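Chemist: Sequence first, predicted model second:
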Amino acid sequence: MKSKVLFFLTYLLLASSSYSQTEFGTILGLNMSRFTDEFRPVNGSYINSSSIGFSFGAFAEFDINEKTKFYPQIIYNQIGDREKDFANGEGRGLDISTIDYKLDYISIPLNFKFFNKPYLTIGPQFGILLSQNNGSLDLGDLKSNFDIGGNMGVGYPIEDFRIEITFYQGFSTLLEVEKEFSDDIIDVRNTYLNLSIGYNLK
């Protein structure tokens with residue numbers, strides 16, 4: 001299954017290279033990530049500034065028209081709950097804030113880019129799980145090695161560089177966990193905010 005996904009994405013990138021104007025580059029960033037219960041945040045927040053991961057990869061940019069571009073990327077992503085929690089869940093009960101899984105993905109955003117200075121990005125994102133490191137509260141393996149979601153962001157180019165802020169919300173359920181003292185189910189999904197710097201190679 002993984003090989004079929006990678007083949008499809010490679011074909012898509014090669015087919016897109018027929019556009020008249022093409023740019024390629026590298027990208028490096030930081031993620032502030034956490035899990036959400038379906039689309040519900042933790043204490044009103046979708047990000048955790050104490051849970052930091054790195055991201056790096058490459059991007060391509062293909063002209064569609066003067067103000068619209070196809071903007072795919074392939075990125076190594078450290079997300080999940082990467083904060084070292086104290087006795088994860090002891091005395092607090094099981095909820096979305098006590099689930100501590102560190103996850104590494106190959107993420108493939110297939111964004112469209114609108115306008116120039118500044119610019120907006122939006123599109124679907126596919127993730128292939130590389131590794132998971134369960135914290136002190138081990139709830140078992142994820143339901144799937146694939147993560148599907150959507151992201152949107154804003155960026156600004158400065159000569160050959162670009163600065164971007166992107167928000168990602170996963171649509172895929174990673175775990176379904178029954179809350180303590182309740183029949184409610186926690187629907188665990190990935191969420192993160194990424195701050196990155198890109199550099200145009202071409």
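Modeler: Okay, I see it. Numbers count the residues shown, from 1 in each chain.
Chemist: wait, doesn't Asn145 sit right on Ile128?
Modeler: Yes: under the criterion of Cβ atoms under 8 Å, Asn145 makes contact with Ile128 at 6.5 Å. For glycine as for every other residue, the C-beta is placed from the backbone atoms N, C-alpha and C.
Chemist: How far off centre is stretch 116-135?
Modeler: 3 Å (Cα atoms, centre = their mean, to the nearest Å).
Chemist: what about dumping the CA coordinates of it to CSV?
Modeler: As requested, C-alpha coordinates have been extracted for stretch 116-135 and formatted as CSV (Å, rounded to 0.1, in the frame of the first residue of the first chain):
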residue,chain,number,x,y,z
ASN,A,116,2.3,36.4,-4.0
LYS,A,117,3.2,38.8,-1.2
PRO,A,118,1.9,37.6,1.2
TYR,A,119,0.5,34.3,-0.1
LEU,A,120,-2.0,31.8,1.2
THR,A,121,-1.7,28.0,1.0
ILE,A,122,-4.5,25.4,1.4
GLY,A,123,-4.9,21.7,0.6
PRO,A,124,-5.0,18.1,1.7
GLN,A,125,-2.1,16.3,3.5
PHE,A,126,-1.2,12.6,3.6
GLY,A,127,1.1,11.1,6.2
ILE,A,128,2.9,7.8,6.4
LEU,A,129,3.9,6.8,9.9
LEU,A,130,7.6,6.0,10.3
SER,A,131,7.7,5.4,14.1
GLN,A,132,5.7,5.8,17.3
ASN,A,133,7.1,6.0,20.8
ASN,A,134,4.4,5.4,23.4
GLY,A,135,4.8,7.4,26.7
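Chemist: So for it, mean pLDDT?
Modeler: Averaged over stretch 116-135, pLDDT sits at 94.
Chemist: what comes up buried for that stretch?
Modeler: Tyr119, Thr121, Gly123, Gln125, Phe126, Gly127, Ile128, Leu129, Asn134, Gly135 (16 or more other Cβ atoms under 10 Å).
Chemist: cool, stretch 152-160 as well?
Modeler: The neighbour-count check on stretch 152-160 (16+ other Cβ under 10 Å) flags Gly153, Gly155 as buried.
Chemist: Let me see the contact set for the residue nearest to Ile96 when sequence neighbours are not counted.
Modeler: What sits nearest to Ile96 in space, not counting adjacent residues and going by Cβ to Cβ, 6 or more residues apart in numbering, is Asp37, at 4.3 Å. Applying Cβ atoms under 8 Å, 6 or more residues apart in numbering, one finds that Asp37 lies in contact with Asp95, Ile96, Ile186, Asp187, Val188, Arg189.
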